[in-house]
Each structure stands twice: as C-alpha cells, then as structure tokens.
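Asker: 3D, please:
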Amino acid sequence: MTRVIVTPPVLAPAALAELKDWLGITISADDAGLTGLLGTALEVCADYIGMVPLTATYEETVCVPTGRFALPCPADWQSCRYPGEWAGRIGHDSWHRLDLRPVSALVSVEALDSTGARSTLSSDNYTARIDSDGQGAIRIPGAGGLGRAVVRYCAGMADEWSALPESLRHGIMRLAAHQYRQRESAGADALPPASVTALWRPWRRMRLA
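Answerer: Below you'll find the model as predicted:
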C-alpha cells in the first residue's frame, strides 16, 4: 500500500501571523521558512494524535481483492498449506482500513492496471464505509484480473486553521516556534517536546495493530 497527498491542507495567513506574533517577528523575510515549519508541525501532530488536523485530499493504492493477505481463520489451517496455497484468497472481512482519519468523504475509486493507467470503478464494484470515529474502510472483491486500485478520499478534523481546537492549534504553533528557535542548535531535540504533548494528549487516538 502506498499513500500520496493530492491536495495539501490550507494554512491560512492567520496561522503564520500567530506564529510571528509568538516569536516577536515583524518582518516578512522568514515567512517561507516559518510556513514550512508550520507544515512540519502539522505532520508531527497528525502522527502523535493519530488524526489529521487540517483537511487534505489523499490517495491510497491498495491490493485487490482487499484483505487477500489476511491470515486464514483457524478453521482453514487444516484445509490449506499456509502461505503457499493461501495466496489470493480472501481474509476474514476483506476490508481495507484507510490509513488516515477522520475521513470526511470518499472521492473516487479507480482501477490501476500494470501500465499505470486508471479507470473509474463503478460503485457496484466496491463497498465503502466511514465509522463513527472517522475510520474509513473499503472492500473490493477480486474481478476481471484487477490487481490494484487507487482510493481517493478527504480526511481532517477541520477545514481551516481557525476551526481547529485551541489546544491543538496552540501546540502546533509552539512546536513550529520551538523548531525555529532551535534552528542553529547542534543537537536534535526529541519531537514533540513535553510542553507540546501536554496540549495534544487529550486528543490522542491509538490504533490497535
């Protein structure tokens, strides 16, 4: 499975203004670098809390049929020689859980052939769901020799910077400011620092393997 970002999150000018105010910067010479630090802080936040803060559009390439690499259930251990005879067989529920959450919308599902060409799959060829906690999943049965599919979806807690919970927003800003102040430091500090994780911890969601 591979994942790429199609449309990155939009960082409103207010985010940069808040960071510059926190750092006491009044000139625009470092605006590009500060914006980059805010983007990195967003990624660190997403990794820590297990959710995407600002809405963006992503694509995941999944194997078809989904779930074919799942372990066989106990009743099947005696009926096949795992793993040799299990290749290509469907697992328990055959659902592929999308890597990011909270998912707000499934945009499209496309078949991907060996040359990299894409063709849109009809909704009759797959089943999708979004659980109450924002976990998205898709189930695509094997058909017509299809080996891979590209799932495009939107995920994020808020569409804009001002709509983020204040503790998350402040933690992101503090982390970007911390990195700016440490830009000439010889050693690499652990990320994120404790002052930031204290703000993010109430929002953290762990995922079971």
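Asker: next structured bit after the longest strand along the chain?
Answerer: Ranked by residue count, the top strand of the chain under DSSP state E comes out as strand 103-112. Scanning forward in sequence from strand 103-112 by DSSP states H and E, the next helix or strand is strand 118-120.
Asker: Name the helix or strand for Val44, please.
Answerer: For Val44, the host element (DSSP H and E) is helix 31-49.
Asker: contacting residues around Val64?
Answerer: Ala111, Ile140, Pro141, Gly142, Leu146, Gly147, Arg148, Ala149 (CB atoms under 8 Å, 6 or more residues apart in numbering). Yep, even glycine has a C-beta here, placed from its N, CA and C like the rest.
Asker: separation between it and Arg152?
Answerer: For Val64, the distance to Arg152 (CB to CB, to the nearest Å) stands at 15 Å.
Asker: Ignoring the adjacent residues along the chain, who's closest to Arg118?
Answerer: Leaving aside its sequence neighbours, Arg118 sits nearest to Glu110 (CB to CB, 6 or more residues apart in numbering; 4.3 Å).
Asker: Show me what the helix holding Val44 is packed against.
Answerer: Counting contacts by 3 or more CB pairs under 8 Å, 6 or more residues apart in numbering; DSSP states H and E, helix 31-49 is packed against helix 13-23, helix 166-181, helix 194-200.
Asker: Would you mark the buried spots in it?
Answerer: Leu34, Thr35, Leu37, Leu38, Gly39, Ala41, Leu42, Val44, Cys45, Ala46, Tyr48, Ile49 (16 or more other CB atoms under 10 Å).
Asker: can I get the residues you listed in CSV with distance to Leu191?
Answerer: As requested, the buried residues of helix 31-49 are exported to CSV (distance: CB to CB, whole Å):
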residue, distance to Leu191
Leu34, 17
Thr35, 18
Leu37, 12
Leu38, 14
Gly39, 14
Ala41, 9
Leu42, 13
Val44, 6
Cys45, 10
Ala46, 13
Tyr48, 9
Ile49, 14
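Asker: can you redo those as a markdown table with pLDDT and distance to Arg201?
Answerer: Formatted as a markdown table, these follow (pLDDT from 0 to 100; distance: CB to CB, whole Å):
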| residue | pLDDT | distance to Arg201 |
| --- | --- | --- |
| Leu34 | 95 | 25 |
| Thr35 | 94 | 26 |
| Leu37 | 94 | 22 |
| Leu38 | 95 | 21 |
| Gly39 | 93 | 22 |
| Ala41 | 94 | 16 |
| Leu42 | 94 | 17 |
| Val44 | 93 | 14 |
| Cys45 | 94 | 12 |
| Ala46 | 92 | 15 |
| Tyr48 | 93 | 9 |
| Ile49 | 93 | 8 |
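Asker: From those residues, pick the one nearest Asp99.
Answerer: Distance to Asp99 across the buried residues of helix 31-49 (CB to CB) is lowest for Ala46, with 10.9 Å.
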